[in-house]
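Novice: sequence-free structure coming up:
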């Protein structure tokens with residue numbers, strides 16, 4: 001069974017940057033569609049980025065496009081989310097998720113990490 005673990009969350013000032021990591025164990029992450037999601041207090045979980053196992057491309061929600069970059073390191077069996085130009089509204093718990101099916105931005109993925117808190121505040 002695939003296991004995922006996020007790291008790299010924390011506190012950033014508006015306009016600052018953070019980088020999240022998602023380390024996979026047991027199975028090969030390259031075989032899966034991998035997504036990043038976030039959930040702010042009182043809000044539904046939102047899909048913000050994913051790498052498709054169908055076409056290998058990376059896709060972004062409009063809310064983060066141009067500011068966040070998702071990447072994959074196959075040798076390390078990990079994915080990353082570089083977050084730049086952070087805004088207070090980016091404050092949320094961030095999750096990575098993986099599935100053999102390409103769920104895109106829907107939160108139907110089979111495998112989830114435990115989440116990493118990101119807080120953007122001055």
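Specialist: Okay, I see it. None of the values given here were measured: they were computed from a predicted structure. Numbers count the residues shown, from 1 in each chain.
Novice: does residue 69 count as helix, strand or coil?
Specialist: Under DSSP: H, G, I helix; E, B strand; the rest coil, the three-state class of residue 69 is strand.
Novice: so what's it bridging to?
Specialist: Bridge pairing for residue 69 (DSSP bridges) gives the partners residue 82.
Novice: what number of residues lie near it?
Specialist: Other residues near residue 69 come to 15 when the count uses other CB atoms under 10 Å. For every residue, glycine as well, the C-beta is placed using N, CA and C.
Novice: I'd say it and residue 81 touch.
Specialist: Yes. Between residue 69 and residue 81 there is a contact at 7.4 Å, judged by CB atoms under 8 Å.
Novice: for residue 47, what is the enclosing helix or strand?
Specialist: When elements are assigned from DSSP states H and E, residue 47 belongs to strand 46-51.
Novice: in its sheet, what does that strand sit against?
Specialist: Here, using DSSP bridges, strand 46-51 pairs with strand 33-39 (antiparallel), strand 58-60 (antiparallel).
Novice: could you pull up the mean pLDDT of the first one?
Specialist: For strand 33-39, mean pLDDT rounds to 97.
Novice: quick check: phi and psi on residue 40?
Specialist: phi -90, psi 160 (degrees, to the nearest 10).
Novice: pretty sure residue 98 belongs to a strand, no?
Specialist: Yes. Counting by three-state DSSP, residue 98 is found in a strand.
Novice: got the contact list for stretch 64-73?
Specialist: 29-30, 34, 36, 48-51, 58, 60, 78-86, 90 (CB atoms under 8 Å, 6 or more residues apart in numbering).
Novice: thank you kindly, that will do.
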